[in-house]
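[1] pasting the structure only:
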């Protein structure tokens, strides 16, 4: 039986299961199913109201300790417990209203044959009318959503992270990914009548986690609020060690001095919630992009680096010294490995006099270039039968001391320069992978009647002529995560495209080349599209034929020069010198306090693995080539 309530299609028996099942359930099988962005409104069945409660886990514990409690509403600072649920009163469950979003949780019975206990505060999160496509491992027929949850928990062949339940035919699709591990946010979408279930019970890799800072907003509702926290680093540690749930984001000091707020949500899991963020220009939240667990096996003829991640990985794993020969291409995997032979000339492992083998390994996400999301690992195997200690530590890259230089390129009429700057337009002397930079194109003569547009922007490897197209012939970015669109700065005589510093794996030199054409009296923008998002960029002339589906936007000047031809397009170029550096044994070594030890009882080998976030040390040399 299905009802339509406040734009929410809910199949009562299929979605929430049986109310009486809770009373027949053993205590160890009772857990919760969480529904974010929904609120249960039934004032007659309120058991208890607890204002000032700052942790979702405490609210769930309160309900667990009340024998007649069946469900709760939680928003930061308020917990409400009920002796009924949406199963009995589906009309009382509706989308929570702006300006805050509420989290609704209901007790469920979750029996399983799995030998791995679910030690999380809630076992599943449900999103009505939604579906996560792709990576289906198994499809079974079930009687209701409760059985679909159980099938996911019972799965032994693969790790079941999520399930789609289709009430219309009783089909339950089990998947090895969830919204956090999915390679694309586009795979999760609105799907009327479908019920998305996400398990929280699996054990994720514990190791090095990469965080991304999101500026200008923070979550309106969070899972935990801690006060008196001394630093951002301590807040991040709380997120990484939050055992009752899988923390994926935090903010520090944005709602008060020393206040640390944690959440299991990120932007990827809140696409179905209306305005989940509080927009504050100066605020910053931090969310996990992926966590990596690296184990190393030392054999008699080489080492094997095995990597487990929390997010589906596509890219390359290779040794830094041999990026083209000692490499493995990885496509949509969460576990992969690289075999490095000691005597393999294609891998070039360094060997020290004391029997230690060392190599640097790179996890590269993009197919062609190194970006700030990439990870660098230094792997060491030392053969010492008297010592079975494994050392691990963090190692950060150091900025290089090479000073940048630049030379302007003059382009006929008007005179145009291309510079590499920070995103405020200031000259820079050094940069690291991931630093916010910009390509700035500027007409030097302020009295010039021209404006300019930029297209066919290419980044080239200074060593083996590899290249990647950043802005196409229409003036649109080919991948806005690498190079953003062209925008005006102050006036139409200055164009700028922001990007995060990157490099090619085989060369420290990144060369930029672009085609710049003047137009008069103005250059109109072209409409671009990337991953379903439309935006404008300055880059196409009127005579260019728009692609199908694009607006026919006027792009350039119809006027001509004295001989009747269009203004001449010219090529401008610049280069960035990016040097990466990993400290090896014999260089500045890590302090003893950065190492931790575990034991390998299988091979009686000493294995030292130094993990470092691939904030590779670099320096930027700016050079404009005169045409």
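    On my side now, so go ahead. Since the model is a prediction, treat every value here as computed from it, not as a measurement.
[2] contacts, neighbours, all on C-alpha from now
    Noted.
[3] which stretches of this protein form helices?
    All helices of the chain, identified by DSSP state H, fall at 12-16, 21-24, 56-64, 145-154, 232-240.
[4] wait, what's in contact with the closest residue to residue 252 other than its chain neighbours?
    Counting by C-alpha to C-alpha, 6 or more residues apart in numbering, residue 252 lies nearest to residue 260, which is 4.6 Å off, once chain neighbours are set aside. Residue 260 makes contact with 225, 226, 227, 229, 235, 250, 251, 252, 253, according to C-alpha atoms under 8 Å, 6 or more residues apart in numbering.
[5] Of all the residues in the longest strand belonging to the chain, which ones are buried?
    Identified as the longest strand of the chain according to DSSP state E is strand 277-298. Within strand 277-298, the residues that count as buried by 16 or more other C-alpha atoms under 10 Å are 277, 283-294, 296-298.
[6] Spit out the contact partners of residue 280.
    Contact partners of residue 280, counting by C-alpha under 8 Å, 6+ apart, are 216, 217, 218.
[7] Tabulate those (CSV), appending pLDDT, neighbour count and distance to residue 82.
    Output for the contacts of residue 280, formatted as CSV (pLDDT from 0 to 100; neighbours: other C-alpha atoms under 10 Å; distance: C-alpha to C-alpha, whole Å):
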residue, pLDDT, neighbour count, distance to residue 82
216, 93, 14, 36
217, 94, 18, 32
218, 96, 25, 29
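[8] Any chance of those residues in CSV with distance to residue 63 as columns?
    CSV is the format used below for the contacts of residue 280 (distance: C-alpha to C-alpha, whole Å):
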residue, distance to residue 63
216, 35
217, 32
218, 28
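[9] ok, those residues vs residue 174, which is closest?
    Residue 174 has its nearest neighbour among the contacts of residue 280 in residue 218, at 32.4 Å by C-alpha to C-alpha.
[10] I'd guessed that closest one sits against residue 281; true?
    No - Residue 218 lies out of contact with residue 281 (C-alpha atoms under 8 Å); the separation is 10.0 Å.
[11] quick one: strands adjacent to the longest strand of the chain?
    Strand 277-298 pairs in its sheet with strand 208-219 (antiparallel), strand 249-252 (antiparallel), strand 302-319 (antiparallel), by DSSP bridges.
[12] got the angle between that strand and helix 232-240?
    Here strand 277-298 runs at an angle of 70 degrees relative to helix 232-240 (axes from the mean of the first three to the mean of the last three C-alpha atoms, to 10 degrees).
[13] Run the chain-centre distance for strand 277-298.
    Centroid separation between strand 277-298 and its chain, computed with C-alpha atoms, centre = their mean, to the nearest Å, is 7 Å.
[14] again, but for stretch 86-100
    Remark: stretch 86-100 is offset 31 Å from the chain centroid, using C-alpha atoms, centre = their mean.
[15] Show me which residues of it are buried.
    Buried-residue list, stretch 86-100, by 16+ other C-alpha under 10 Å: 86, 87, 90, 91, 92, 93, 94, 95, 96, 100.
[16] just to revisit the earlier point, how confident was the prediction at the residue nearest to residue 252?
    pLDDT, the model's per-residue confidence, is 97 for residue 260.
[17] Now residue 507: closest residue in space that isn't a chain neighbour?
    That would be residue 463: by C-alpha to C-alpha, 6+ apart, it lies 5.6 Å from residue 507.
[18] which residues does residue 346 contact?
    322, 325, 326.
[19] on that earlier part again, right, and the helices of the chain - which one's nearest residue 510?
    Of all the helices of the chain, it is helix 232-240 that lies closest to residue 510, at 33.3 Å by C-alpha to C-alpha.
[20] So for the closest one, mean pLDDT?
    Averaged across helix 232-240, pLDDT comes to 94.
[21] Show me what that helix packs onto, helices and strands only.
    strand 249-252, strand 260-263 (3 or more C-alpha pairs under 8 Å, 6 or more residues apart in numbering; DSSP states H and E).
[22] hmm, 7 Å instead?
    Applying 3 or more C-alpha pairs under 7 Å, 6 or more residues apart in numbering; DSSP states H and E, one finds that helix 232-240 contacts strand 249-252.
[23] Tell me which residue lies nearest the centroid of this protein.
    Nearest residue to the geometric centre of the chain (C-alpha atoms, centre = their mean): residue 289, 3.4 Å.
[24] before we move on, the earlier item: filter the contacts of residue 260 down to the buried ones and hand me the ChimeraX line.
    To isolate the buried members of those in ChimeraX, using 16+ other C-alpha under 10 Å:
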select :225,229,235,250,251,252,253
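[25] Pipe the contacts of residue 260 into JSON lines and attach distance to residue 428 per row.
    Formatted as JSON lines, those follow (distance: C-alpha to C-alpha, whole Å):
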{"residue": "225", "distance to residue 428": "39"}
{"residue": "226", "distance to residue 428": "39"}
{"residue": "227", "distance to residue 428": "39"}
{"residue": "229", "distance to residue 428": "35"}
{"residue": "235", "distance to residue 428": "32"}
{"residue": "250", "distance to residue 428": "31"}
{"residue": "251", "distance to residue 428": "30"}
{"residue": "252", "distance to residue 428": "29"}
{"residue": "253", "distance to residue 428": "30"}
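[26] Relative to residue 272, which of the contacts of residue 260 is nearest.
    Closest approach between the contacts of residue 260 and residue 272, by C-alpha to C-alpha: residue 250, at 20.1 Å.
[27] ok, for that closest one, nearest residue in space, not its chain neighbours?
    Spatial nearest neighbour of residue 250, excluding adjacent residues (C-alpha to C-alpha, 6+ apart): residue 262 at 4.5 Å.
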